[in-house]
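Novice: Here is the input, now give the coordinates:
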Amino acid sequence: QVQLVESGGDSVHPGGSLRLSCTASKSIAILYRLSWYRHSPGKGREEVAALSRTGTQTYHTSVKPRFIISKSVPANTIYLQMNDIQPTDTAVYYCHMKKTSWASGNWGQGTLVTVSS
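Specialist: Got it, this is the predicted structure:
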């Protein structure tokens with residue numbers, strides 16, 4: 001069982017930036033899909049960014065081009081660089097990693113991002 005630990009959530013003003021991190025207890029080198037999701041009241045859970053094993057990046061339309069997903073294989077860590085953060089980005093952010101396309105994957109515990117002026 002892979003353990004995922006997120007960090008980096010904070011309270012920021014509109015227009016600010018944050019970098020979220022998610023470190024896995026095992027290697028992420030061959031994982032099928034690495035993702036960031038968020039959950040907020042009224043919106044439910046949505047995938048905001050994903051990185052495939054081949055390097056393809058996908059983003060929710062509401063975060064393009066402000067958010068960037070990346071990874072460090074030596075550090076077993078994925079990142080979410082969040083720029084020009086808006087109040088609508090307020091949510092708990094979760095990382096998710098899948099070993100194969102049919103696997104349910106593993107979730108982190110979540111990190112809270114709050115945006116207010």
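
Novice: Can you get me a residue count around residue 27?
Specialist: Applying other C-beta atoms under 10 Å, we find 11 other residues in the vicinity of residue 27. C-beta here means a position set from N, CA and C on the backbone, and glycine is covered the same way.

Novice: Around the nearest residue to it once chain neighbours are set aside, how many other residues sit close by?
Specialist: Of all residues not flanking residue 27 in the chain, residue 76 sits nearest, at 6.0 Å (C-beta to C-beta, 6 or more residues apart in numbering). Residue 76 has 19 neighbouring residues, counting by other C-beta under 10 Å.

Novice: My guess is residue 76 contacts residue 24. True?
Specialist: Yes - here residue 76 lies in contact with residue 24, judged by C-beta atoms under 8 Å, at a distance of 4.5 Å.

Novice: what comes up buried for stretch 44-60?
Specialist: 48, 49, 50, 51, 59 (16 or more other C-beta atoms under 10 Å).

Novice: With pLDDT, secondary structure and distance to residue 88 added, can I get these in JSON lines?
Specialist: As requested, the buried residues of stretch 44-60 are exported to JSON lines (pLDDT from 0 to 100; DSSP: H, G, I helix; E, B strand; the rest coil; distance: C-beta to C-beta, whole Å):
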{"residue": "48", "pLDDT": "98", "secondary structure": "strand", "distance to residue 88": "11"}
{"residue": "49", "pLDDT": "98", "secondary structure": "strand", "distance to residue 88": "15"}
{"residue": "50", "pLDDT": "98", "secondary structure": "strand", "distance to residue 88": "20"}
{"residue": "51", "pLDDT": "97", "secondary structure": "strand", "distance to residue 88": "23"}
{"residue": "59", "pLDDT": "98", "secondary structure": "strand", "distance to residue 88": "15"}
